[in-house]
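>>> Dropping the sequence and predicted coords here.
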Amino acid sequence: MSFFQATIVLAGTSTAIGLFFWAVIIGLHHKIALIFSSSSVVLAAVDKLTPLLAFAILLNSIQPILSGVAVHVGSGWQGLVANVNIGTYYNMLESYLDGSTTLVSWFEHLISQFYQNCLF
């Protein structure tokens, strides 16, 4: 099996697992918070953030595979990967310094993860 075929199989498997957990979280979004707390404030906050959690899990199931392939020894993409990672994670510091809410910060992080997936 070639390196390219192995990458396709690994990315497909990782995406399938990510889609499974995305569906579980979306399907049980009213029940997820009950695992952690019975407080109505916590339940409301978690219910509001659950779609972002689901998409974060989906994107983060794909990104490590693509990033790992890009930095494969000898490929010469290590510099590009380092710059993309710095660029995409810079927004976390920016959100903190802006005083953004958790929802806005998380949404910005998801957009950065999406861009990172597109670049690889």
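Everything's here; your move.
>>> What lies in contact with stretch 94-105?
By CB atoms under 8 Å, 6 or more residues apart in numbering, the surrounding residues in contact with stretch 94-105 are 48-49, 52, 92, 108-109. Glycine gets a C-beta too; all of them are placed from N, C-alpha and C.
>>> Please go through the chain and pick out the longest helix.
The single longest helix within the chain, with elements called by DSSP state H, is helix 40-70.
>>> For that helix, buried residues please.
Residues 43, 46, 49-50, 52-59, 61-63, 65-67, 69-70 are the ones in helix 40-70 that count as buried (16 or more other CB atoms under 10 Å).
>>> one step back: quick one: least confident of the contacts of stretch 94-105?
For these, the model is least confident at Met92; its pLDDT is 68.
>>> on that earlier part again, out of the contacts of stretch 94-105, the closest to Ile35 would be?
In terms of CB to CB, no member of these lies closer to Ile35 than Leu49, at 14.0 Å.
>>> how about low-confidence regions in the protein?
1, 69-77, 88-89, 91-92, 96, 100, 117-120 (pLDDT under 70).
>>> Okay, helices next: where are they in it?
Secondary structure of the chain by DSSP H: the helices cover 3-27, 40-70, 78-98, 102-119.
>>> Out of the ones you listed, flag the one nearest Ala33.
helix 40-70 (3.5 Å).
>>> what's the angle between the closest one and helix 3-27?
On the basis of axes from the mean of the first three to the mean of the last three CA atoms, to 10 degrees, helix 40-70 is oriented at 170 degrees to helix 3-27.
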